[in-house]
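Novice: Got a predicted structure here, sequence first:
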Amino acid sequence: MRDIRYSDVVEAVAALCMKANTELPDDVRNKLTQAMAEEDSPSAKEVLRQLLENADLSMETKLPLCQDCGLAVYYVEVGDDCRVAGGNLRDAINEGTRKGYGDGYLRKSACDPLTRANTGDGTPAIIHFDLVPGDKLKIAYMAKGGGAENMSRVTMLAPAQGWEGIKKFVVNRVAEAGPNPCPPTVIGVGIGGTFEHAAKIAKRGLLRKLDDTHPDPRVAAMEKELEDALNALGIGPMGLGGKTTVLGVKITLEPCHLASLPLAVNVQCHSQRHEEVEL
Amino acid sequence: MAEYKLNTPLTDADIEQLKAGDVVFLSGTIYSARDAAHKKLFELLDAGKKLPFDLEGSSIYYVGPSPAPPGRPIGSAGPTTSYRMDTYAPRLHSLGMKASIGKGKRNDEVKAAMKEHKGVYFGATGGAGALLSNSIVESTVIAFDELGPEAIRAMKVKDFPLLVINDCHGGELYVKPRLDTAE
């Protein structure tokens, strides 16, 4: 059994939060640059230009890319041959979040759902644990902003609705969301599992690189088909019209119940901030 | 599409010339308020009390900035999604608010109020909070400090870059999604 120090987890998590909120990943930057070249409309080009300038400025000044530094969401893979020494893993992640959001001057957006009182330190983080073989601890962090999250939905389709029903639901969702979630967005789609699992895998898909190709050719083809359908909506950057409504579609497909076809659409803004670390 | 440099407080004449799609560089003082602050403003209005700032000619920015790091007046400060304030905007327009600044769609009630009371809805680029903060030269919390990022701030802006999304003549800049071609 390998020991990982509690303090190492705290430091690593704090660094993840600060880096993700100030350094736009290269794959996102490349997509925005490519989109700017492909757009004809001056307003679409101008929005994309501002986003790239914003990314440069954020890198230089360490001001967060967006004032909404999100709820801190983690997908954690715990090797069954390692453990955290000197404390509890959940506590370490929350402490790292507190430190990262504090030291990085990130906005703390966690609040009571009814009184709306801010918890003051960006915690509790949303943490999804998974137990995997090995002795490593992998922590993936995502800054999930509220505006795009509000445009997300889970639905339980009838199996007969199939792929056509799925496509229709996703296209309608993105059309209805329009300019609200800060397009061009990244769309995480979870198909299968159960009610809650569909949402969890939809969001997990957002951790993938924008320029990757799904290893299953069937899913890769579905992603392409959906991406083309969504871009055909013409919503464009910030809803001002254009060819780029989405930067990517990431589908995760898992087996489900005979009676069900769970579907989750998790919308992510163009500021697709995520980072991961292995300890 | 025209380009204007405007100063706060805004007047009816300022608003009437604007058309959806125009670019406006706004200077002067704007007030930050989002969900929680609007709720508190309405509690004051309902109780017949004085608001922390003068609504006449005012511009309200839907923003909850990130904390100011040392040496800067404010942290990142881009717009939040405006529809959550749709329930509040018509009454504020009727009491003198001239402009709201945010991102995303407004409902029919807000659009009607802008027509009736000569108001405008500006869009700022969402997710460009670091860049937009460069146009904010001063920021002071003037009410509801306990709300943290949601407190009301008087923000002094210089050439704050805005797009007219909804004008007071019924014009709108946002495109309608082409659902027919997508399906």
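Specialist: Done, it's in.
Novice: so where do the helices sit in chain B?
Specialist: Counting by DSSP state H, chain B has these helices, from start to end: B:12-16, B:35-46, B:89-94, B:108-117, B:129-133, B:179-182.
Novice: show me what contacts A:I127?
Specialist: Residues near A:I127 by CB atoms under 8 Å, 6 or more residues apart in numbering or on different chains: A:V73, A:Y74, A:V76, A:R90, A:I93. C-beta: built from backbone N, CA, C; applies to glycine.
Novice: Wasn't it part of a strand?
Specialist: Yes: checked against DSSP: H, G, I helix; E, B strand; the rest coil, A:I127 lies within a strand.
Novice: Quick check: bridge partners of it?
Specialist: Per DSSP bridges, residues listed as beta-bridge partners of A:I127: A:Y74.
Novice: A:E227: what secondary structure?
Specialist: In terms of secondary structure, A:E227 is helix; the call rests on three-state DSSP.
Novice: what about it, how many neighbours?
Specialist: Around A:E227 sit 17 other residues, with neighbours defined as other CB atoms under 10 Å in any protein chain shown.
Novice: Grab the nearest non-local neighbour of it.
Specialist: Spatially, and ignoring its direct neighbours in sequence, A:E227 is nearest to A:V249 (4.6 Å; CB to CB, 6 or more residues apart in numbering or on different chains).
Novice: Could you do A:K108 as well?
Specialist: A:G122 (4.1 Å).
Novice: so where's chain B uncertain?
Specialist: Across chain B, the ranges flagged by pLDDT under 70 are B:181-183.
Novice: partners of the longest strand belonging to chain A, with directions?
Specialist: Scanning chain A for the longest strand, with DSSP state E as the assignment, gives strand A:246-256. Strand A:246-256 sits in its sheet next to strand A:185-193 (parallel), going by DSSP bridges.
Novice: how far away is B:N107 from chain A?
Specialist: Counting by CB to the nearest CB, to the nearest Å, the gap between B:N107 and chain A amounts to 12 Å.
Novice: Angles on the backbone of the residue lying closest to that residue once chain neighbours are set aside, please.
Specialist: Leaving out its chain neighbours, the residue that sits closest to B:N107 by CB to CB, 6+ apart is B:D86, at 4.6 Å. Summarising the backbone geometry of B:D86 under the convention degrees, to the nearest 10, its torsions are phi -60, psi -30.
Novice: if I read this right, B:D86 contacts B:V110, doesn't it?
Specialist: Yes: A contact is recorded between B:D86 and B:V110 when judged using CB atoms under 8 Å, the distance being 5.2 Å.
Novice: What's opposite A:M142 in the beta bridge?
Specialist: Bridge pairing for A:M142 (DSSP bridges) gives the partners A:V73, A:H274.
Novice: Roughly how far does it sit from B:L95?
Specialist: If you measure A:M142 against B:L95 using CB to CB, to the nearest Å, the figure is 41 Å.
Novice: Make TSV out of the helices of chain B and add mean neighbour count.
Specialist: Written out in TSV, the entries for the helices of chain B read as follows (neighbours: other CB atoms under 10 Å in any protein chain shown):
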stretch	mean neighbour count
helix B:12-16	15
helix B:35-46	17
helix B:89-94	21
helix B:108-117	17
helix B:129-133	28
helix B:179-182	13
